[in-house]
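Asks: Below are the sequence and a predicted model; questions follow.
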Amino acid sequence: MGWFESRSTKEKKSHFKNLVAVALADGKLDDAEAQLLARIGIRMGMDMKEINALLARPEKVKLVLPTDHQEKISQMIDVVAMMIIDGDADSREIQFCMALAAQMGLDPTIVKTIAEKLLEAAGRGASPDSAVNDLASIL
């Protein structure tokens, strides 16, 4: 994308690329995954044109890992939410999430912890956004 993008913009695009990678790890992008991608992209300040451009060409985005611990946790929550949104955590999705956690310097077992907490919150009927906020505050 641009040569003169800020680190924050590069991190956001890299994070979105990771979300796309998880969504496509099982070989398909279902409606729930597409909706979550759009919701997270919009939350990050992207418009649908930019989201669609990144979906079409995610390989154009370079990996930029967050340096802030809270941002690492926030990104892992999003990635794990993407992994479980379709109700089927494929082994390729799990492996991707665990590898990403390790790249960020996090214990890969955080993937299981986050998945359990998100599923627990969903079982209580909590909204996805409130579940994410609750999780971010305890990790």
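Replies: Received, thanks. Residues are numbered from 1 along each chain as shown.

Asks: just for this protein, where's the confidence low?
Replies: Applying pLDDT under 70 to the chain flags residues 1-5, 7, 128-129, 132, 136, 138-139.

Asks: all helices of it, in order?
Replies: 7-24, 31-43, 48-56, 69-84, 91-103, 110-123, 128-138 (DSSP state H).

Asks: so which of those helices comes closest to Lys62?
Replies: Nearest to Lys62 among the helices of the chain is helix 7-24; the distance by Cβ to Cβ comes to 6.7 Å. For the C-beta atoms, the positions are set from N, CA and C on the backbone; glycine is no exception.

Asks: what's the closest one packed up against?
Replies: Helix 7-24 is packed against helix 31-43, helix 48-56, helix 69-84, helix 91-103, with contacts defined by 3 or more Cβ pairs under 8 Å, 6 or more residues apart in numbering; DSSP states H and E.

Asks: looking at these, which is closest to Ala25?
Replies: Of all the helices and strands packed on helix 7-24, helix 91-103 sits nearest to Ala25, with 4.2 Å by Cβ to Cβ.

Asks: Give me the contacts around the closest one.
Replies: 18, 21-22, 25-26, 65, 76, 79-80, 82-83, 107-108, 110-111 (Cβ atoms under 8 Å, 6 or more residues apart in numbering).

Asks: Only C-alpha atoms, please: export stretch 70-86 in PDB.
Replies: What follows is stretch 70-86, C-alpha atoms only, in PDB (Å, rounded to 0.1, in the frame of the first residue of the first chain):
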ATOM      1  CA  GLN A  70      -2.600  -4.800  24.900                       C
ATOM      2  CA  GLU A  71      -2.700  -4.500  21.100                       C
ATOM      3  CA  LYS A  72      -1.300  -8.000  20.800                       C
ATOM      4  CA  ILE A  73      -4.100  -9.300  23.000                       C
ATOM      5  CA  SER A  74      -6.700  -7.300  21.100                       C
ATOM      6  CA  GLN A  75      -5.500  -8.700  17.800                       C
ATOM      7  CA  MET A  76      -5.500 -12.200  19.100                       C
ATOM      8  CA  ILE A  77      -9.100 -11.900  20.300                       C
ATOM      9  CA  ASP A  78     -10.100 -10.800  16.800                       C
ATOM     10  CA  VAL A  79      -8.200 -13.600  15.100                       C
ATOM     11  CA  VAL A  80      -9.600 -16.200  17.500                       C
ATOM     12  CA  ALA A  81     -13.100 -14.800  17.100                       C
ATOM     13  CA  MET A  82     -12.700 -15.200  13.300                       C
ATOM     14  CA  MET A  83     -11.500 -18.800  13.800                       C
ATOM     15  CA  ILE A  84     -14.700 -19.800  15.800                       C
ATOM     16  CA  ILE A  85     -17.300 -17.500  14.100                       C
ATOM     17  CA  ASP A  86     -18.400 -20.200  11.700                       C
END
